[in-house]
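Visitor: Sequence below, structure please.
(4 chains)
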Amino acid sequence: MSDRKKLIVSHAPFLHCGSKISTRSYHIMIAALPAVLHGFYLYGIPAVGVVALSISSAIIWEYLINRLTGKPTTIGDGNAALIGMMLAMLFPATTPWWAVITGTFVAMVVGKHIYGGIGGNPFNPALIGIAILTLSWKNIFNIDYALLNYDFGFQAAYPLAALKHGGPAAVDSFNLFSLFIGQQTGSIGSAFGLALLFGGIYLIIMGFIRWEIPVSFLAGLLITSLLFHLSDSARFAGPVFHLLTGNTLLGAFFLATEDSSSPVNFVPMLIYGAGAGVMIILIRNIGGHVDGAVFAILLMNLANPLLDKIRPKALGKVGSHA
Amino acid sequence: MREMLKMIIVLTALCSFSGGLLAALRNETMEKIENQQLEFVKGPAIRNILKGSANDPIADRFKIKDGETEKSFFVGKFDGKAETVVFESTGKGFGGDIGLMVGVNVADDKIVGVGVTTHSETPGIGSRAQTDPRFAAQFKGLSLTGDFKVKNDGGQVDAISGATVTSKGIAVAVTEAAKTYTSLKPQLAEKLKGFK
Amino acid sequence: MAKSVTQEFTKGLWAEIPPFRLVLGLCPVLAVTKSVENAIGMGVAVIFVLVGSNVLVSMLRKIIPSKVRIACFIIVVATFVTVVELLMQAYTYPLFLKLGIFIPLIVVNCILLGRAEAFAYKNGIISSFADGLGLGIGFTMSLTALAAIREVFGSGTFYGNQVFGPDFQPFNFMVEAPGAFVCLGLMLCVMNSIGKK
Amino acid sequence: MLIHMIKKPYLKYDVIDPACKPVIIPVPGKAVIFFNGISDGKKRLLFKAGDKVKTGQKISLFADSAEYAVATVSGTITDISPYVGNFGKTCTAISIDVSEDDFDDSFGKETAGQPLESVRNYLSCLPGNLPVNNLFDPEKKISTIIITGIDADLLVVTNQHIIKSKQGEIKRGIEILKSIPGINNIVIAVRREFVQGYGHIGAEIRNIDVRYPSAFPQLIIRDLLGKTIPAGKTPEDTGICMISAEAVASLGEAFLHNRIPTGKIITVIYKDEKKLVSARIGTPAGDVLKALNININNGDRLITGGPMTGSCIYSEDYPVLPSTDAIMIQDGNSIEPFSDYPCINCGECIRICPANVPVNMLVRYLETKRYQEAAEQYDLYSCIECGLCAYICVSRMPLLQYIKLAKHELAGIKLTEAANV
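Guide: The predicted structure is shown next:
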């Protein structure tokens, strides 16, 4: 039996659809790219610097943690780069370098690797990073204050801050269409609604994100803001204004849909999305913060494990499920 | 039974020893602690009101019975005359009682200054009553008689923006101080004569 | 095998350093480590109480009946804590104001009852003294280490002195409660990975 | 093969090419027959090396056991040795040096009087694996038989071929099955394309969906009979017996020709091609491939069964068994390895799972070997082992293997517990 061939033995199934984590990460980054490019166009070199620093430092943190914990290097899956990019999209263009590096550190270490790395994080790491930074350095994240030295060809006030301090009357002058095509101030990646919308639809069609979450997210946001607007239009702005300003669209398509921190079953996805949409409006209209997207999504992340217990009955199970 | 007895004896002995030790220590430190409390809780406000006084107002204090309670008065000497006293009064704020030190010149009944000692107001909003010197400064020179009210209620006090309840509480505290002062003035004048 | 007095002392400094190795007494660790000053104050208070209660319990270990030993330990510990509280009020009042409720809460710190039960009740006075002192110093060291990190990054100061110069914008998160948890977790992680080698 | 839709991608079963005819594989020089059960050293062996066997001869290896195998070739026994298969399944391999066919006629003699007795005594090793033990088990109370005219796994077309080409045999087989007492319902599950021509076969014809894995027993029963098999139970526990079309055809053939059939139809899947072959049971896999001029090299994978549920074998000597519907050869270069990446909770498996198993949660428990909780809380036993989750998994986790291993381990625990009580 000397000519016996050495065969590989492994387990079924012997086919794979070919999907990869890296493909997933890079597609999401590509979908977000137009909005980021628009950020570069609006804010120039500083924005490029923030995005580049954020992505590279996120990758470096991931590499260092891999080395420290003695695990295989996982920067190749693109997840670190993706988190860095999402975080950069939430930064104002004038964010100083040390804040960017602290932000990626918090996102990668406190947001992701403390929980065991990819797939284990209960919160969206980028949101953890931005939330902790916002609480620590309010001035950096005050959009009006941060972008003081810029001269735009359009109304330069941060729409949500104007709404918070002046009520709907103060934001009447904003043209909804120019808001939609990105003529507004904000964080680097959040201004260009049109690009975010197309990026999101691309991701849904390619199957990288679940349509249930953004759709219910936007529905929750629109319905709640409409109810507020109808009850007192002198105090609360209309639904379309809320849709097009702040981090709404970025949150709906890119932040709330982060795999590990969002539910996977149908009904929970709807509740999760709608809950985040409703929370945003509650925070914007009666809460203390100017934009509620970050905290609203973090709150719903918290509810995710509980929500995901609502699931269809498995085959061959009798009686109801908890 | 023996064991039981032993348990009781040991516990009793230990408790008595502990109680005795603590009681002795407490007696020993009581005065020191009171001084420390005055120094660190009320001291800053008192010293701020009596800035430039020749004596140590916390050392030079006396007590007068006001009905059931005893009130502490801190004396400040200016130009060799002991005419200024500071005492504490309270009013209801947004988060609870606000302690207010009110300094008054006995010679002309005018307020020398006020300062918040203890409070539990919202940080950054109500707490500005303690930290913002402009709010306290407006009381200076007013006569310590009658009622104090915020301007919304038709009074003379400018409220801190966003902290109307706190401002009202302080106005009430000053009003209280005026009442106390009016009723205790004779005794106060008597005591002050003792300081030379 | 009984250890030498020196060993009893040094084990508290590294091998059994309380918050990190024993994971005991976390309440003050989280609560008072906003600044190095607080941490040292707390540490000194704990050293005093720990040494005192260890020695006293060890002295009385022959007399205390085992059925009521926990009650006796608590009386001893509570006495020392009250002594510390009164002394602090009398001599270091500003520190007392900052540490506040956490001074009386030393009574329920697991380290004290734990050492009384696990060590002092079974060992001689000298060993108990060494054990108490070692663990107390270890506790103070870990508190100070944690406080140093939190204070330097969270307030930009060390023991009240500016570290980074006036342009530094403090990373407030570190001095908030969640920052304490995150910091402690990361330090535990580092300590564990050092311990493994 | 994978059809992309916004919501659910799905895999489709292949339809057999009408022109496809099985290639006859010559009788091999050496054959191996597997016998269920293993010698514990005490039992007296009835056969030994050097004994001669005839084609169709019943081989009862141990003196006091009802188990038997059927020789599918004539020749001399050269070796009897134990063989350990996947998940510790044990059997005894009987190697035979093949000579000229010499048919044993004891089956033909008994059929005249009592067909059912001879089914029970001779036909448990038919091509297609007729579940004789289940059919005649008085405790199972089988009342319904489902004949599967479609293979459960992807790419395999063995039973489709049988349904198309062996109507006569199937008809005869059904007649015999009907004579089993207690059976009152026989259903044939086939693809819609094959429904024609089965009008008077004597059984109800139902068509099944084209989507993988609708030909799995649990799903056929759910879709065709509207019944659910409780998680962890087999169809037989609820009185339903699943029989492959090939087994029914072989049964019919045995009675039509008074001889136990020995040829097995196999789909050989190699690269993008597939071929039907007919080989003697016991033919080593290597001989089948040699006859088709397929070379396998070091590093390739040789798989018995289909691409989704088959299992790897490590030697070309592994023989064709009565249940071997397919042999698949996977090129070493095209092998996509599983990874040790963690689950990223993307939810693809949840959406593709036909049994609604919360795979994302389940795998977190299985990875940490918490099998008991996995079974109680996360529906381990609802899994029908179709392999779709592992097929779609972005992290490329060996999900199906985790699940199979968990079930195996739990069964082991149960056995130990039962032994200790």
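Visitor: Helix, strand or coil: sort out the residue of chain C most remote from its centre for me.
Guide: Relative to the centre of chain C, the most outlying C-alpha is that of C:Asp167, 33.9 Å out, by Cα atoms, centre = their mean. At C:Asp167, secondary structure determined by DSSP: H, G, I helix; E, B strand; the rest coil is coil.
Visitor: Likewise for B:Thr166?
Guide: Recorded secondary structure, B:Thr166: helix (three-state DSSP).
Visitor: and the closest residue to it other than its chain neighbours, what is it in contact with?
Guide: Ranked by Cβ to Cβ, 6 or more residues apart in numbering or on different chains and with sequence neighbours excluded, the top spatial neighbour of B:Thr166 is B:Gly126, at 3.8 Å. No exception for glycine: its C-beta is placed from N, CA and C like everyone else's. Applying Cβ atoms under 8 Å, 6 or more residues apart in numbering or on different chains to B:Gly126 gives the contacts B:93-95, B:119, B:160, B:163, B:165-166.
Visitor: Between which two of those is the distance greatest?
Guide: B:Gly95 and B:Ile160 (14.3 Å; Cβ to Cβ).
Visitor: Looking at the two, which has the bigger crowd around it?
Guide: B:Ile160 (21 against 16; other Cβ atoms under 10 Å in any protein chain shown).
Visitor: Verify the contact between the more buried one and B:Phe135 for me.
Guide: Yes: B:Ile160 lies in contact with B:Phe135 (Cβ atoms under 8 Å); the separation is 5.6 Å.
Visitor: what do those two both touch?
Guide: With Cβ under 8 Å, 6+ apart as the test, B:Ile160 and B:Phe135 both reach B:128-129, B:167.
Visitor: Spatially nearest residue to the residue in chain A that chain C sits nearest to (excluding sequence neighbours)?
Guide: Closest residue of chain A to chain C, Cβ to the nearest Cβ: A:Ser136 (4.1 Å). In space, and not counting its chain neighbours, A:Ser136 is closest to C:Asn172: 4.1 Å by Cβ to Cβ, 6+ apart.
Visitor: how about low-confidence regions in chain C?
Guide: C:1-2, C:196-197 (pLDDT under 70).
Visitor: That one against chain A: which residues are in contact?
Guide: Residues of chain C lying near chain A by Cβ under 8 Å from any Cβ of the partner chain: C:169-173, C:176, C:182, C:185-186, C:193.
Visitor: again, 7 Å this time
Guide: C:169, C:171-173, C:182, C:185 (Cβ under 7 Å from any Cβ of the partner chain).
Visitor: Which of those fall in helices?
Guide: For the residues of chain C next to chain A, the ones inside helices are C:182, C:185, with DSSP state H as the criterion.
Visitor: which one among the residues of chain C next to chain A gets closest to chain B?
Guide: C:Asn172 (13.0 Å).
Visitor: Can you report how many residues lie near that closest one?
Guide: By other Cβ under 10 Å, the residues close to C:Asn172 number 17.
Visitor: one step back: pLDDT score for the residue of chain A closest to chain C?
Guide: At A:Ser136, the model reports a pLDDT of 87.
Visitor: downstream neighbour of the helix-or-strand element of chain D with minimal mean pLDDT in the secondary structure list?
Guide: Sorted by mean pLDDT, DSSP states H and E, the helices and strands of chain D end with strand D:2-3, the least confident at a mean of 40. Counting by DSSP states H and E, the next helix or strand C-terminal to strand D:2-3 is strand D:10-11.
Visitor: is chain A contacted by that following strand?
Guide: No: using Cβ under 7 Å from any Cβ, strand D:10-11 stays clear of chain A, coming no nearer than 8.6 Å.
Visitor: what packs against the longest helix along chain C?
Guide: Counting by DSSP H, the longest helix found in chain C is helix C:125-155. Applying 3 or more Cβ pairs under 7 Å, 6 or more residues apart in numbering or on different chains; DSSP states H and E, one finds that helix C:125-155 contacts helix C:5-11, helix C:36-60, helix C:110-115, strand C:157-158, helix C:177-196.
Visitor: Quick check: the residue of chain A closest to chain C touching C:Val175?
Guide: No: counting by Cβ atoms under 7 Å, C:Val175 is not a contact partner of A:Ser136; they are 9.4 Å apart.
Visitor: tell me the centre residue of the chain?
Guide: The chain I'm using is chain A. By Cα atoms, centre = their mean, the most central residue of chain A is A:Leu255, 1.9 Å off.
Visitor: was after chain C, sorry
Guide: Mean-position check on chain C, Cα atoms, centre = their mean. Result C:Phe139 at 3.9 Å.
Visitor: closest point of chain C to chain A, which residue?
Guide: Closest point on chain C to chain A, by Cβ to the nearest Cβ, is C:Asn172, at 4.1 Å.
Visitor: Make sure that residue is actually in contact with C:Gly156.
Guide: No: taking contacts as Cβ under 7 Å, C:Asn172 lies outside contact range of C:Gly156: 10.4 Å.
Visitor: Just the pLDDT for the residue nearest to C:Ser193 when sequence neighbours are not counted.
Guide: Spatial nearest neighbour of C:Ser193, chain neighbours left out: A:Leu68 (7.6 Å); criterion: Cβ to Cβ, 6+ apart. The per-residue pLDDT reported for A:Leu68 equals 85.
Visitor: before we move on, which element is A:Leu68 in?
Guide: Using DSSP H and E, the element containing A:Leu68 is helix A:45-69.
Visitor: neighbouring contacts of that helix?
Guide: A:36, A:39-40, A:72-75, A:80-81, A:83-85, A:87-88, A:91, A:93-95, A:97, A:100-101, A:104-105, A:107-109, A:113, A:188 (Cβ atoms under 7 Å, 6 or more residues apart in numbering or on different chains).
Visitor: again, only using 6 Å
Guide: Contacts to helix A:45-69, defined as Cβ atoms under 6 Å, 6 or more residues apart in numbering or on different chains, come from residues A:39-40, A:73-75, A:80-81, A:83-85, A:87-88, A:91, A:93-95, A:100-101, A:104-105, A:108, A:113, A:188.
Visitor: And for stretch B:9-16?
Guide: C:63, C:68, C:72, C:75.
Visitor: And the buried ones among these, selectable in ChimeraX?
Guide: Entered in ChimeraX, the line below selects the buried ones among the contacts of stretch B:9-16, by 16 or more other Cβ atoms under 10 Å in any protein chain shown:
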select /C:68,72,75
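Visitor: Looking at the contacts of stretch B:9-16, which are in helices?
Guide: Using DSSP H, the subset of the contacts of stretch B:9-16 located in helices is C:72, C:75.
Visitor: what would the contacts of stretch B:9-16 look like in CSV with distance to D:Glu100?
Guide: Listed next are those as CSV, based on distance: Cβ to Cβ, whole Å:
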residue, distance to D:Glu100
C:Ile63, 102
C:Val68, 97
C:Cys72, 98
C:Ile75, 101
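Visitor: Closest one of the contacts of stretch B:9-16 to A:Asn301?
Guide: Closest to A:Asn301, out of all of those and judged by Cβ to Cβ, is C:Ile75, at 47.9 Å.
Visitor: how close does the closest one sit to chain D?
Guide: 46 Å (Cβ to the nearest Cβ, to the nearest Å).
Visitor: And A:Thr248, by the same measure?
Guide: Using Cβ to the nearest Cβ, A:Thr248 is found at 23 Å from chain D.
Visitor: count of residues packed around D:Glu417?
Guide: 9.
Visitor: Now find how far off-centre the host helix or strand of it is within its chain.
Guide: Under the criterion of DSSP H and E, D:Glu417 resides in helix D:399-420. Mean-position distance between helix D:399-420 and its chain equals 21 Å (Cα atoms, centre = their mean, to the nearest Å).
Visitor: tell me which residues in that helix are buried?
Guide: Within helix D:399-420, the residues scored as buried using 16+ other Cβ under 10 Å are D:399-407, D:410.
Visitor: next one: stretch A:299-308
Guide: Using 16+ other Cβ under 10 Å as the test for burial, stretch A:299-308 gives A:299-301, A:304, A:307-308.
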